[in-house]
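Novice: sequence and predicted structure are below.
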Amino acid sequence: MALKTAEEYVESLRKLDMKIWMFGEKVENYVDNPIIRPSINSVAKIHELAGDERYSDLMTTKSSLTGEVINRFTHLHQSTDDLVRKVQMLRLMGQKTACCFQRCVGMDAINAIDSVTFEIDQKKGTNYHERFRRYVRYVQENDLVVDGAMTDPKGDRSLRPSQQPDPDMYVHVVKQNADGIIVRGAKAHQTGAINSQEICIMPTITMTEEDKDYAVSFALPSDAPGIFYIYGRQSCDTRKLEGSQIDVGNARYGGQEALIIFEDVFVPWERVFMCREYEFSGMLVERFAGYHRQSYGGCKVGVGDVLIGAAAEIARYNGVAKASHIKDKIIEMIHLNETLYCCGIACSSQGHRTASGTYLIDLLLANVCKQNVTRFPYEIARLAEDIAGGLMVTMPSEKDFRHPEIGPYIEKYLKGVASVPTEHRMRMLRLIENLTLGCAAVGYRTESMHGAGSPQAQRIMISRQANLDHKRKLARVIAGIEKED
Ligand code: SF4
Ligand code: FE
């Protein structure tokens, strides 16, 4: 069976020859680095749940390519049911980790590239799809974690890739020969980059003919020569170096982003899935973004479940759980969170088959989903902070709490209701801090805003997909200006 255990996954990372920088230094053993390790644990959790019979029905499926049982994160969606199950799986993972668990970008990348390569071949007589399918089989058979990398640094946003003063602001082909291509550039804020065994690159915007060297998609092992990583820091990240369990809020799990540099990297033709077919770059961006905007209707909802639970718990610890305004705030949080889930499920159930056989979500509804994600988690976080109270950000450290002399004062004065230990109250407040202001806030707040595209990107897609002419016609018919067809 092509499934890796959590341990096998972690061991596979140790075998990679990764070039990683963090805090101005090269990181030698990144797997055991206390700042990085929680993000590895999140991806390992995916492997763990896939092997747990309580969750394996959701976390695994039968491959459409090999007929073997595979991790759903490597699956090409074969039905709208598959799309719905994906959202359910991501909600589950959000509930179990309370952070970004990173593997979805690769799943979204392989699904988008699958249908687009098929359509490029149909139009151009190329053979990208066949080689891409070989690649997906390889990923499935080895249960590989793939980083789907789209976002380029972009430089001056008013200029096209080919007009930039620095030609490397978008990943591009610098040379080509009989064996493959050489690429240069960077991909910014790449979720899960160093926790992936493979990196799968896509263009980040619609390209014109002048930009054709930038219309490139390919995959490489994450430790291929010429690739290196600069780790992104998060607020409160050095708390993880203190060895505290309470102060980090979420001691086991975390997210990860990195800047990936491609310094004249060789890609063999077998791993190239688009090379200068600029007319298809917009389609690839639209589909990948659509899948990832669907994803947020699952993952952020799962993290929201944890935050709502934490708010309800802290209300109890504070002795205010029965106050009507608190109950109402919790109801509002649930309402907002489930609205996001409705969007994720809706765009999945309204999906359709593409020419390659892989299913695509409804793009309008997926963009509406993500547009709501740019707003509702902020309101949910605001309500959680309201319920938690100011102690969430003024509380002393765990070291003070454990100190023989001053600890008893903290125990006494930070007590809420008598039945709840002070330590539980501190832990819950730190969890809320982590989700709303700390490391997990990267995933729950700013990533909700900018991940899978900033709000304006969805509004452009909503205006494109909405078929306003049809709505206009409906109005003209009802107003008696025009006859019904
Ligand atoms: Fe997955 Fe959500 Fe993280 Fe994107 S933000 S990689 S969908 S968990
Ligand atoms: Fe994301």
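Specialist: Happy to help now that I have it. Ligands and ions are numbered 1, 2, ... in the order given.

Novice: who's in contact with the residue nearest to residue 318 when sequence neighbours are not counted?
Specialist: Using CB to CB, 6 or more residues apart in numbering and skipping the chain neighbours, the partner closest in space to residue 318 is residue 416 (4.8 Å). The way it works is simple: take the backbone N, C-alpha and C, and place the C-beta from them, glycine included. Residue 416 makes contacts with 317-319, 422, 425, as judged by CB atoms under 8 Å, 6 or more residues apart in numbering.

Novice: now, of those residues, which are buried?
Specialist: 317-318, 422, 425 (16 or more other CB atoms under 10 Å).

Novice: and the closest residue to ligand 1 within the stretch 101-250 of the chain, how close does it get to residue 81?
Specialist: Closest to ligand 1 within the stretch 101-250 of the chain is residue 104: 3.2 Å, counting by CB to the nearest ligand atom. Relative to residue 81, residue 104 is positioned 18 Å away (CB to CB, to the nearest Å).

Novice: repeat for residue 20
Specialist: Computed as CB to CB, the residue 20 to residue 81 distance reads 39 Å.

Novice: who's more crowded, the two?
Specialist: Neighbour tally, residue 20 and residue 81, criterion other CB atoms under 10 Å: the higher count belongs to residue 20, 20 against 13.

Novice: quickly list what that one is bridged to.
Specialist: Note on residue 20: beta-bridge partners residue 229, judged by DSSP bridges.

Novice: shouldn't it be in contact with residue 227?
Specialist: No: Residue 20 is not in contact with residue 227 according to CB atoms under 8 Å; the separation is 10.4 Å.

Novice: what residues does the stretch 201-350 of the chain put near ligand 1?
Specialist: For the stretch 201-350 of the chain, the residues in contact with ligand 1 (CB under 6 Å from any ligand atom) are 295-296, 299.

Novice: most surrounded residue in these?
Specialist: residue 299 (32 neighbours).

Novice: now do the longest helix seen in the chain: distance to the chain's middle.
Specialist: Looking across the chain with DSSP state H, the single longest helix is helix 281-318. Distance, stretch centre to chain centre, for helix 281-318: 9 Å (CA atoms, centre = their mean, to the nearest Å).

Novice: in the stretch 251-400 of the chain, which spans are strands?
Specialist: All strands of the stretch 251-400 of the chain, identified by DSSP state E, counting those that start in this stretch, fall at 257-268, 272-275, 352-353, 359-360.

Novice: quick one: list the elements packing against the longest one.
Specialist: For strand 257-268, the elements it packs on are strand 180-191, strand 216-221, strand 227-231, judged by 3 or more CB pairs under 8 Å, 6 or more residues apart in numbering; DSSP states H and E.

Novice: can you tell me which of those is packed in deepest?
Specialist: Comparing these by mean neighbour count (mean count of other CB atoms under 10 Å), strand 216-221 comes out on top with a mean of 24.

Novice: what's next to that strand, contact-wise?
Specialist: Contacts for strand 216-221 (CB under 8 Å, 6+ apart): 16, 113, 135, 146, 171-173, 181, 183, 197-203, 227, 265, 267, 271-276, 284.

Novice: report the two of the contacts of residue 416 separated the most.
Specialist: 319 and 422 (13.5 Å; CB to CB).

Novice: show me the contact partners of the lowest-mean-pLDDT helix or strand in the chain.
Specialist: Within the chain, no helix or strand scores below helix 439-441, which has a mean of 88 by mean pLDDT, DSSP states H and E. Contact with helix 439-441 is made by 38, 98-100, 234-237, 240, 248-250, 254-255, 303, 381, 434-435, as judged by CB under 8 Å, 6+ apart.

Novice: hmm, that helix touching ligand 2?
Specialist: No: counting by CB under 5 Å from the ion, ligand 2 is not contacted by helix 439-441; separation bottoms out at 12.9 Å.

Novice: any idea which helix or strand comes after that helix?
Specialist: Next helix or strand after helix 439-441 toward the C-terminus (DSSP states H and E): helix 447-450.

Novice: for the residue of the stretch 1-150 of the chain found nearest ligand 2, grab phi and psi.
Specialist: As assessed by CB to the ion, ligand 2 sits closest to residue 100 within the stretch 1-150 of the chain, at 6.0 Å. Phi and psi for residue 100, reported as degrees, to the nearest 10, are phi -80, psi 120.

Novice: quick one: distance of stretch 242-261 to the chain centre.
Specialist: 16 Å.

Novice: and stretch 266-274, by the same measure?
Specialist: 25 Å.

Novice: average model confidence for stretch 351-371?
Specialist: Averaged across stretch 351-371, pLDDT comes to 98.

Novice: and that stretch, does that touch ligand 2?
Specialist: No: with CB under 5 Å from the ion as the criterion, ligand 2 is not reached by stretch 351-371; the gap is at least 10.2 Å.

Novice: next, the distance between the ends of that stretch.
Specialist: 18 Å (CA to CA, to the nearest Å).

Novice: just how off-centre is it within its chain?
Specialist: 17 Å.

Novice: next one: stretch 410-419
Specialist: 38 Å.

Novice: okay, buried residues for it please.
Specialist: Applying 16+ other CB under 10 Å to stretch 410-419 flags 410, 414, 416 as buried.

Novice: hang on, the earlier thing: do you know which of the helices and strands packed on strand 257-268 lies nearest residue 372?
Specialist: That would be strand 180-191 among the helices and strands packed on strand 257-268, by CB to CB, at 20.4 Å.
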